[in-house]
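Asks: Generate a structure from the sequence data that follows.
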Amino acid sequence: MNGLLFLGSFLSYLILMIVIVCVAAAGFALGRVLRRSKNAKTAGTQTVTEDSTGSK
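Replies: Numbers count the residues shown, from 1 in each chain. Next comes the predicted model:
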């Protein structure tokens with residue numbers, strides 16, 4: 001009986017851990033996408049700025 005209770009508790013925590021890892025992975029992936037997008041926009045504006053100041 002105690003083994004069954006332990007197994008149920010263990011599986012409950014295992015599922016909780018899987019959910020937490022999935023949320024963390026999704027946040028990491030979203031952060032990478034947003035950061036790369038921001039870097040690409042920043043690089044595009046810097047290139048235009050450098051070209052316009054270099055041509056003067």
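Asks: ranges for the helices of this protein?
Replies: 2-54 (DSSP state H).
Asks: pLDDT below threshold where in it?
Replies: Residue ranges of the chain with pLDDT under 70: 47-56.
Asks: center of it, which residue is that?
Replies: Nearest residue to the geometric centre of the chain (C-alpha atoms, centre = their mean): residue 28, 1.3 Å.
Asks: and that one, how far is that from residue 35?
Replies: Relative to residue 35, residue 28 is positioned 11 Å away (criterion: C-beta to C-beta, to the nearest Å). For glycine as for every other residue, the C-beta is placed from the backbone atoms N, C-alpha and C.
Asks: got it, and residue 8?
Replies: Distance, residue 8 to residue 35, by C-beta to C-beta: 41 Å.
Asks: who touches residue 11 in this structure?
Replies: If a contact means C-beta atoms under 8 Å, 6 or more residues apart in numbering, then residue 11 has no contacts.
Asks: And it, how close does it get to residue 34?
Replies: From residue 11 to residue 34 the distance is 35 Å (C-beta to C-beta).
Asks: likewise residue 16?
Replies: In terms of C-beta to C-beta, residue 16 sits 27 Å off from residue 34.
Asks: neighbours around residue 21, how many?
Replies: 10 (other C-beta atoms under 10 Å).
Asks: hmm, I was thinking of residue 32
Replies: 10.
Asks: Check residue 14 too.
Replies: 10.
Asks: picking that back up, distance check, the residue nearest to the centre of the chain against residue 37.
Replies: Taking C-beta to C-beta, one finds residue 28 at 15 Å from residue 37.
Asks: next one: residue 26
Replies: 17 Å.
Asks: In contact with residue 22, which residues?
Replies: Residue 22 touches nothing, counting by C-beta under 8 Å, 6+ apart.
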